[in-house]
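A.B. asks: Let me see the structure of the following:
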Amino acid sequence: MTSTDVRKDAEDSGPSGYAAARLRLLTEEARSGPPRRAALSELTDEWLSGLFAAAGEGLRGVSLVAVGGYGRGELSPRSDLDLLLLHDGSDSAGVAALADRLWYPVWDLGLALDHSVRTPSEARKVSGEDLKVQLGLLDARHLAGDLGLTAGLRTAVLADWRNQAPKRLPELQELCAERAERQGELQYLLEPDLKEARGGLRDATALRAVAASWLADAPREGLDDARRRLLDVRDALHLATGRATDRLALQEQDQVAAELGLLDADTLLRQVYEAARVVSYASDVTWREVGRVLRSRAVRPRLRAMLGGGKPAPERSPLAEGVVEQDGEVVLARAARPDRDPVLPLRAAAAAAQAGLPLSLHAVRRMAAAARPLPTPWPAEAREQLVTLLGSGRPTIEVWEALEAEGLITHLLPDWERVRCRPQRNAVHIWTVDRHLIETAVRASEFTRRVSRPDLLLVSALLHDIGKGWPGDHSVAGEIIAKDVAARIGFDRADVAVLATLVRHHLLLVDTATRRDLEDPATVRAVAEAVGTQSTLELLHALTESDALATGPAAWSSWRGSLVADLVKRVAAVLSGDAPEEPEAGAPTAEQERLAIEAFRTGGPVLSLRAQTEAPADAATEESPASPEGEPEPLGVELLIAVPDQPGVLPAVAGVLAMHRLTVRTAELRALDLPDGVDGTVLLLDWRVAAEYGSLPQAARLRADLVRALDGSLDITGRLAERDAAYPRRRGVLAPAARVTVHPTASRLATVIEVRAQDAPGLLHRLGRALEDAGVRVRSMHVSTLGSNAVDAFYVTTPEGVPLPGEAAASTARKLEEILRA
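C.D. replies: Numbers count the residues shown, from 1 in each chain. The predicted model follows:
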């Protein structure tokens, strides 16, 4: 049907000609989507214009105006006709008669009509009082009659909207939020409302209104296509049901999918979810920009008055290497080079999530445009930043969505594409597969103090359903994928095996606890054999609860929790008896022995600072590329320190490192007896550290500060407090409470005190001071930082070198917890 056909049919025999033409258009298979909507709007325009011309002959100062969706030319098969009969007020009786001759033919055809009759001043007054009316008038389009009258109203309404934007946009945002609260999120619902749910057509229209205000604009990439896809689905829904509905009910999804030529209902939902995700992300970015602009407008006059004019430069606070905070967002530092720093997206994301701040759209797009593939396996920093991001709690979701919107997640984890926007046709699940995985990681972040390897817990949470979308049992398929992903992101063989076990058996505990007889020893033994070790059981218990809590309210209860806990207790009893002894220290290397002798000879600290790197450039492969200049990729710094045995070594060294902004990744402390012929003991500290902002301190300066710290002339605590006070506190992440545990039977030679806490600058310094104040001797320690989680084990004795008595150990643990809560 051509545009000429449209005009001819519209002119034929009034309503009946229009109805026949409309029916032919809607049943014409060759035309769908935007062309059909445009043709239907044109057909309706011609018909209504004909009605107006016939009924309004002789009337002046009157026009017929399409508003709302009809004004935008987006007529779906069962859409309302939104019409405004605009008049100058000179002939009210004539206008009333004209309205009757316009509205009744529409009703006679059974079409839904939303109509009003107003003067321009009345229209502006009502729009000023009713935000929904104002939004409809922003899309006003002339159909017939006095063009000048329509143009004048449109100009006035746009001017009103722009002048009132600082007041009306917050109202519009509140309206969108209230609607989202009622209708839910389109990108996750099994029976979504395409128009009213968050991320739906109403939100897309709201973004147009924001753009019309000239105050802010939405990200354009993909937005028009997302809107088109949602409109296409609504068209197909109207045709399939024969009703004016926007709710995509389960029983109609197959028919709608067929109408659109899609494979099945799951493919349909996935397309809907992808479109909704684009609209939702654009809304988040746009409303954040609106808030920023309105805040700056409110603050700017006061600042100018204080500063005497001029525009102050926005403050930039460093968060990580190449990453700063500016104006409430995380942006890239001016010196950042995304094209040469493949870890930057993960580092920026982790910093943003830890600070509880959004990633700026510009930063994400810049990183996506310049993204380099990470080497295989990933460098340690990349894996640690991923773990930090996953362990940041609720802020992780917004940051993850920002990365995903620009394709960075599938760039980093190609297997993610299979689960992205994948629906779950299960009444228990309230999320798509990918969102469920992130929700599970968020829940798991609350349990990081319950496990000795929080990094494995968080990564297993991210991967536990990664097999969904593949044929067969998703746990079996997921085990294979998890092995590959875990090896690729840099876990060693033992950790890969643990992660594969967790993914393979992530349903084992809850299925066994709720479906098997726990009194049967064979049941418990079968679980013990599948799990293998106490540490894996501990991880699986936390993963099971995280998975259930992230599924939905029907998936977990106190009853289920008690059954699983009972099973875990029984399995732990079977696996008991393998508590680790204090790790045997290997023989000192030649370098360690040299430093120890030098420290004993000089009576002061001696240190060695050495960078750890990837393989040299000539060893680089396609999977593990060298840096652009052919230089090795730095992984971290190994710091060896030898100090004559004396009180206060641990807090002094840890404090100096914190002062120099060196982040501790791992640390070992042990007493080293000197070679034969030399009577003395030296403490040897082996650290792996990383500079917070890229530049390493000089070894000579580190040693000078360490000497001063040991002799008491350097006030480390005061210096750290001054630095903390210099930066404003951010809302950041609400971390789980620290946990301090005594393991009295873990070693025959010492008492093991394990600390699980949120990593923070100066944490090890505070713990070391607390242990010194408690009068205990640190025989050895084993410190690890797993993402944002610190897991530190201290092997302590009395000054006489024997394990602590029970009450003394408990008292020391309480003191450490008090320090961590302060």
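A.B. asks: list the contacts for residue 416?
C.D. replies: By C-beta atoms under 8 Å, 6 or more residues apart in numbering, residue 416 lies in contact with 409-410, 434, 466. For the C-beta atoms, the positions are set from N, CA and C on the backbone; glycine is no exception.
A.B. asks: Pick the one among these closest to residue 271.
C.D. replies: Nearest to residue 271 among the contacts of residue 416: residue 434, at 15.0 Å, using C-beta to C-beta.
A.B. asks: how many other residues sit next to the closest one?
C.D. replies: Using other C-beta atoms under 10 Å, residue 434 has 25 neighbouring residues.
A.B. asks: Export the contacts of residue 416 as a markdown table, with columns for distance to residue 489, secondary structure and pLDDT.
C.D. replies: Formatted as a markdown table, those follow (distance: C-beta to C-beta, whole Å; DSSP: H, G, I helix; E, B strand; the rest coil; pLDDT from 0 to 100):
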| residue | distance to residue 489 | secondary structure | pLDDT |
| --- | --- | --- | --- |
| 409 | 13 | helix | 97 |
| 410 | 14 | helix | 96 |
| 434 | 17 | helix | 95 |
| 466 | 13 | coil | 97 |
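A.B. asks: Only the buried subset of those, as a PyMOL command please.
C.D. replies: PyMOL command restricting the contacts of residue 416 to the buried ones, with burial defined by 16 or more other C-beta atoms under 10 Å:
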select buried, resi 409+434+466
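A.B. asks: now, which of the contacts of residue 416 sits nearest residue 172?
C.D. replies: For the contacts of residue 416, the nearest to residue 172 is residue 434 (29.5 Å; C-beta to C-beta).
A.B. asks: For that closest one, give me its contacts.
C.D. replies: Residues near residue 434 by C-beta under 8 Å, 6+ apart: 404, 416, 419-422.
A.B. asks: ok, and the most crowded of these?
C.D. replies: residue 419 (24 neighbours).
A.B. asks: roughly how far apart are the spatially closest residue to it that is not a sequence neighbour and residue 63?
C.D. replies: Excluding the flanking residues, the one nearest residue 419 by C-beta to C-beta, 6 or more residues apart in numbering is residue 433, at 4.1 Å. Here the criterion is C-beta to C-beta, to the nearest Å. By it, residue 433 lies 52 Å from residue 63.
A.B. asks: May I have the host helix or strand of residue 230 as PDB, with CA atoms only?
C.D. replies: Using DSSP states H and E, residue 230 maps to helix 223-241. The C-alpha coordinates for helix 223-241 follow below in PDB (Å, rounded to 0.1, in the frame of the first residue of the first chain):
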ATOM      1  CA  LEU A 223      18.200   4.200  22.100                       C
ATOM      2  CA  ASP A 224      16.200   4.700  18.900                       C
ATOM      3  CA  ASP A 225      16.700   1.000  18.000                       C
ATOM      4  CA  ALA A 226      15.600  -0.100  21.500                       C
ATOM      5  CA  ARG A 227      12.500   2.100  21.300                       C
ATOM      6  CA  ARG A 228      11.700   0.700  17.800                       C
ATOM      7  CA  ARG A 229      12.000  -2.900  19.000                       C
ATOM      8  CA  LEU A 230       9.600  -2.300  21.900                       C
ATOM      9  CA  LEU A 231       7.100  -0.700  19.600                       C
ATOM     10  CA  ASP A 232       7.400  -3.600  17.100                       C
ATOM     11  CA  VAL A 233       6.600  -6.000  20.000                       C
ATOM     12  CA  ARG A 234       3.600  -3.900  21.000                       C
ATOM     13  CA  ASP A 235       2.300  -3.900  17.500                       C
ATOM     14  CA  ALA A 236       2.600  -7.700  17.300                       C
ATOM     15  CA  LEU A 237       0.900  -8.000  20.700                       C
ATOM     16  CA  HIS A 238      -2.000  -5.900  19.500                       C
ATOM     17  CA  LEU A 239      -2.400  -8.000  16.400                       C
ATOM     18  CA  ALA A 240      -2.100 -11.300  18.200                       C
ATOM     19  CA  THR A 241      -4.600 -10.400  20.900                       C
END
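A.B. asks: now that helix, how far from the chain's geometric center?
C.D. replies: Put simply, helix 223-241 sits 28 Å off its chain's centre (C-alpha atoms, centre = their mean, to the nearest Å).
A.B. asks: can you offset everything so residue one is 58?
C.D. replies: Let's use 58 as the start, then, which means that last one is helix 280-298.
A.B. asks: Could I get the average pLDDT for that helix?
C.D. replies: Mean pLDDT, helix 280-298: 95.
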